[in-house]
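In: Pasting the sequence and the predicted model now:
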Amino acid sequence: MRLFTRELACQELVELVTAYFDGSLSRSDRRRFRAHIKECDHCTAYLEQMRLVIEATGRLTEDDLEPDAREDLLAAFRGWKESR
Ligand SMILES: [Zn+2]
């Protein structure tokens, strides 16, 4: 499994997730986003977490992503990468 060589890296996906949910991704980015989600369990789990946040708060903005939480997430992605 070489997930991190794919066209859309996990870190990019993290950056795009709010745009994905508010519908502001371009069509091609959205396609890449979905293609990545389909094959990446980690990002599927992340997206699911974001969905829960939206269900709980009714919205998702950049402000809802705490900088610390984002750092933790990116650290987790790095951890996954190193464990492969
Ligand atoms: Zn991923």
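Out: That came through, no problem. Numbering: from 1, shown residues only.
In: where do the helices sit along this structure?
Out: Secondary structure of the chain (DSSP state H): helices at 10-22, 27-39, 41-57, 67-83.
In: In CSV, list the ones you listed along with mean neighbour count.
Out: Using the backbone N, CA and C atoms, a C-beta is placed for each residue, glycine as well. What follows is the helices of the chain, written out as CSV (neighbours: other CB atoms under 10 Å):
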stretch, mean neighbour count
helix 10-22, 17
helix 27-39, 14
helix 41-57, 14
helix 67-83, 12
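In: Make JSON lines from the ones you listed and add mean pLDDT to it.
Out: Output for the helices of the chain, formatted as JSON lines (pLDDT from 0 to 100):
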{"stretch": "helix 10-22", "mean pLDDT": "85"}
{"stretch": "helix 27-39", "mean pLDDT": "90"}
{"stretch": "helix 41-57", "mean pLDDT": "85"}
{"stretch": "helix 67-83", "mean pLDDT": "63"}
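In: Stretch 16-34 spans what distance, first to last residue?
Out: Distance between the boundary residues of stretch 16-34 (CA to CA, to the nearest Å) amounts to 11 Å.
In: Output the set of residues of the chain in proximity to the ion.
Out: 10, 40, 43 (CB under 5 Å from the ion).
In: mind redoing it with 6 Å?
Out: 3, 10, 13, 36, 40, 42-43 (CB under 6 Å from the ion).
In: For residue 24, state which of those is nearest.
Out: residue 13 (14.9 Å; CB to CB).
In: Please name the spatially closest residue to that closest one (chain neighbours excluded).
Out: Sequence neighbours aside, residue 43 is the residue nearest to residue 13 in space, at 5.2 Å (criterion: CB to CB, 6 or more residues apart in numbering).
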